[in-house]
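K.L.:
Dropping a prediction and its sequence here:
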Amino acid sequence: MSVYLLLIVLFAFICFEGYRFRSDIKAAYERLNHYEVKSINTSFGKMTYLDEGSGEAMIISHGIFGGYDQGLTSLRQVVGDRQRKISPSRFGYVGTELPQEPTPKNQAKAFVELLDQLKIEKSYVLGTSAGGAATLRMALEHPHRVKGIILLSSGAPDKKRSPDEVKAMGLQGPPPIIVNDFIMWFTMKHFGFIFNHMMGSRVVTNTLFETMLPATPRRKGVKADSEITNTDMTLNYEDYPLEQLNVPVLVCHAKDDPMANYEAIDKVIQRVTDADTAICETGGHTIEGNGDFVNQAILDFIDKTNRAEKFS
């Protein structure tokens, strides 16, 4: 009798979870699709993006599991209504094609092509997490198109590693099995502590995590980040001569960030001449609890660079 009761309970649980999943994932796709998405054809294929607001432009290079939706959410949080917010999906993410060589260098070039088509001469660039590599490449190779870069919980080049050393480091991204609508949803619903541990912050309190669903449209981008983006700055360390950066730089980071090691970002601060910083002792990858401090630092950085450009 107990076996039958267990089977009934299990069946009821599966039905209930199936109902919740269908409802939540439908809402996630509706949220993703309600944006007024635009697209352009670049030399690397189609790129989707959002363009909101007016004034000086800020383009975002979003992190892993991102897309135009995550990027716009980040931009709204840090600059509000002050800037023109341009949020493209990086290679392989939510409507943007994955080219044969989805490197940070090529991603930076695609960003420049987007600015060209939008007739924007110069833009601020906000790089978050895995998006930091393309942000640095854009600043190094296209400084005449950059008003300043902001590295927010960004990955960073720390030292040169060989392919064998990188292989020994293991997977540089989430397990491929998790990049699935149901598995991601189920994990977030019932095993949120895993994300809390990974991020060093409470995912349930952060609206950015809503943009991790749906997961399936982000699958190619996550794979490219795990295999290429997240190893580029160490495999090709010599291609990131930060001492030669000729654009204003602001670094925002928490020292207890478990995903983007602070020791690496500290080396960036030491290598970049006159970098502005907003460093927090705690907050994890989302710099939780320090939003006002970080947002004000970004707005002050924009004002400072504008004044410097005006009187130069």
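P.N.:
Arrived safely.
K.L.:
can you confirm residue 86 is in a strand?
P.N.:
Yes: residue state for residue 86 (DSSP: H, G, I helix; E, B strand; the rest coil) corresponds to a strand.
K.L.:
Enumerate every residue touching it.
P.N.:
49-51, 57-60, 114, 118, 120, 123 (CB atoms under 8 Å, 6 or more residues apart in numbering). (Each C-beta comes from the backbone N, C-alpha and C, glycine too.)
K.L.:
Filter those down to the ones in strands?
P.N.:
Residues from the contacts of residue 86 lying in strands, with DSSP state E as the criterion: 49-51, 57-60, 123.
K.L.:
which of these lies closest to residue 296?
P.N.:
residue 58 (15.7 Å; CB to CB).
K.L.:
Which parts of the protein belong to which domain?
P.N.:
1-34, 39-310 (automatic domain parsing).
K.L.:
mind giving me JSON lines with those domains and columns for mean pLDDT?
P.N.:
As requested, the domains of the chain are arranged in JSON lines below (pLDDT from 0 to 100):
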{"stretch": "domain 1-34", "mean pLDDT": "80"}
{"stretch": "domain 39-310", "mean pLDDT": "92"}
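K.L.:
Out of those, which one sits most buried?
P.N.:
domain 39-310 (a mean of 19; mean count of other CB atoms under 10 Å).
K.L.:
sorry, back to before: of all the contacts of residue 86, which comes closest to residue 100?
P.N.:
For the contacts of residue 86, the nearest to residue 100 is residue 114 (19.5 Å; CB to CB).
K.L.:
got the contact list for the closest one?
P.N.:
Counting by CB under 8 Å, 6+ apart, residue 114 makes contact with 40, 42, 47, 49, 59, 86, 88.
K.L.:
Would you mind measuring from it to residue 39?
P.N.:
10 Å (CB to CB, to the nearest Å).
K.L.:
Among the ones in strands among the contacts of residue 86, which pair sits farthest apart?
P.N.:
50 and 123 (14.4 Å).
K.L.:
can you give me the strands in the stretch 201-312 of the chain?
P.N.:
249-254, 276-280 (DSSP state E, counting those that start in this stretch).
K.L.:
Show me the residue at the heart of this protein, geometrically.
P.N.:
Closest to where the C-alpha atoms of the chain average out (CA atoms, centre = their mean) is residue 63, at 1.6 Å.
K.L.:
quick one: secondary structure of that residue?
P.N.:
coil.
K.L.:
So what sits opposite the residue nearest to residue 83 when sequence neighbours are not counted in the bridge?
P.N.:
Once flanking residues are discounted, residue 83 sits nearest to residue 58: 4.5 Å by CB to CB, 6 or more residues apart in numbering. Residue 58 has these beta-bridge partners by DSSP bridges: residue 85, residue 124.
K.L.:
surely residue 58 meets residue 80?
P.N.:
No: shown here, residue 58 and residue 80 do not form a contact pair, counting by CB atoms under 8 Å, at 11.3 Å.
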